[in-house]
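1. fold the following.
(one chain, ligands or ions: 1)
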Amino acid sequence: MKSLFNDLGVGVGLRPPHYAEIKEQKPKSISWVEVISENFMAWKDSPMAGAQENLLQIRKDFPVFLHGVSLSVGSVDVLDKNYLERLKQLVDMVQPAMVSDHLCWTGVGGENLHDLLPIPYTTEALNLISQKIDQVQNFLGRRILIENASTYLEYQASEMSEWEFLSQLLAKADCGLLLDINNVYVSSVNHGFDPKTYLSHLPIDRIGQIHLAGHSTMDGYLVDTHDHPVCESVWELYRWWNNEFGPVSTMIERDGNIPVWAELESEVQRITEVRSEKKLRLG
Ligand SMILES: [Fe+2]
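-> Have a look, this model is predicted:
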């Protein structure tokens, strides 16, 4: 089945410690960069002109993916119009290759809790969230990607598995999936399911991007901290996924203990190696 999204190769989550290398060296190891949308959105008391100028400079050399953390499609609150307007300004300015946010809620009653909180997998939530994604896509005039967040609890009210919910949501909202394989792994260990069952039940044609990241272990749970290299179990899952379903735009996501560029670049290069394994076999 033909994918709704083009494979744009290998990317990286761009963070301030690496701006200089990316701008000056224009590394050949990456084909695109992803940035956190909120770090470049203009606020009333902060026009973000300096940050936006940096981003536009990088945009001259690399396609940019915009990744948000505050859309809160899982909240019962109505969508924040002011947030959407500022996001649209950024989208119009950057002309990103992809725009994404998470399957979660980040607040209620106008409060932002600055966390990616889990939702119950119910028909009621499915209807609410698909309507909201539809509103966002209509407002932005483009299809967006929704990322599976890692979770640390499950609701007794859930009526279906996360992968069933996601599959239905993607079709109902006509949006794409940003598949975070580390998040699938973290949740699979925390809740005791088989990550390959999850991955093999997803609609492949709607997967527009893959995240690979590291996690931490705390009190017997895995936590999606993005402060370690990608673990071998996640690389193994990615290799399996790539062999089964083919290449999708993939990146390393690192937010804590950020290493020097050369070290992060070696993880990025490993994505290229894994992606080429299938080509080599076919060749
Ligand atoms: Fe992610």
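
2. confirm for me that Glu277 is in contact with Gly246.
-> No. Glu277 is beyond contact range of Gly246, at 11.9 Å (criterion: CB atoms under 8 Å). Where you see a C-beta, it was placed from the backbone N, CA and C, and this is true even at glycine.

3. okay, the closest residue in space to Glu154 that isn't next to it in sequence: pLDDT?
-> Leaving aside its sequence neighbours, Glu154 sits nearest to His191 (CB to CB, 6 or more residues apart in numbering; 6.0 Å). Note for His191: predicted pLDDT of 96.

4. Phe5 now?
-> pLDDT, read off for Phe5, is 97.

5. please renumber so the chain begins at 46
-> In the new numbering, first residue 46, that becomes Phe50.

6. so it versus Glu207, what's the distance?
-> 21 Å (CB to CB, to the nearest Å).

7. which one's more surrounded, these two?
-> Neighbours per residue (other CB atoms under 10 Å) separate Phe50 from Glu207, with Glu207 holding more: 23 against 18.

8. so what's the more buried one up against?
-> By CB atoms under 8 Å, 6 or more residues apart in numbering, Glu207 lies in contact with 166, 193, 196, 232, 243.

9. so the second one touches Ser212, yeah?
-> No. Using CB under 8 Å, Asn193 is not in contact with Ser212, being 11.3 Å away.

10. these two: who's more crowded?
-> Asn193 (23 against 17).

11. tell me which residues touch the more buried one, please.
-> Shown in contact with Asn193 (CB under 8 Å, 6+ apart): 148, 207, 211, 222-225, 228-229, 232.

12. tell me the mean pLDDT over stretch 290-299?
-> The pLDDT scores in stretch 290-299 average 96.

13. which residues touch it?
-> Stretch 290-299 has contacts (CB under 8 Å, 6+ apart) with 48, 50-58, 60, 77, 79, 110, 143, 224-225, 227, 249, 252-259, 271-272, 275, 283, 309, 312-313, 316, 320, 323.

14. buried among the residues you listed? Need that as a selection in ChimeraX.
-> Restricted to buried positions by 16 or more other CB atoms under 10 Å, the ChimeraX selection for these reads:
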select :48,50,53,54,55,56,57,58,60,77,79,110,143,224,225,227,249,252,253,254,255,256,257,258,259,271,275,283,309,312,313,316,320,323
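
15. go through the contacts of stretch 290-299 and flag which are in helices.
-> Among the contacts of stretch 290-299, the members falling in helices (DSSP state H) are 227, 283, 309, 312-313, 316, 320, 323.

16. need the max-distance pair from those residues.
-> Farthest apart among the ones in helices among the contacts of stretch 290-299 by CB to CB are Leu309 and Lys323. That separation is 24.0 Å.

17. and the stretch 96-245 of the chain, which residues reach the ion?
-> Within the stretch 96-245 of the chain, the positions near the ion by CB under 5 Å from the ion are Asp225.

18. just want the residue of the stretch 96-245 of the chain that's nearest the ion.
-> Residue nearest to the ion within the stretch 96-245 of the chain: Asp225 (3.7 Å; CB to the ion).

19. just the strands in the chain please.
-> Here the chain has its strands, by DSSP state E, at 55-58, 77-81, 109-112, 143-148, 150-153, 156-162, 190-193, 221-225, 252-258, 261-263, 266-268, 295-298.

20. and these as TSV, adding distance to Asn287?
-> Output for those, formatted as TSV (distance: least, CB to CB, whole Å):
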stretch	distance to Asn287
strand 55-58	12
strand 77-81	18
strand 109-112	19
strand 143-148	19
strand 150-153	31
strand 156-162	26
strand 190-193	18
strand 221-225	12
strand 252-258	9
strand 261-263	25
strand 266-268	22
strand 295-298	8
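
21. who wins for proximity to Asn183 among the ones you listed?
-> Asn183 lies closest, by CB to CB, to one member of those: strand 143-148, at 13.3 Å.

22. sheet partners, orientation included, of that closest one?
-> Applying DSSP bridges to the sheet, strand 143-148 is found paired with strand 109-112 (parallel), strand 190-193 (parallel).
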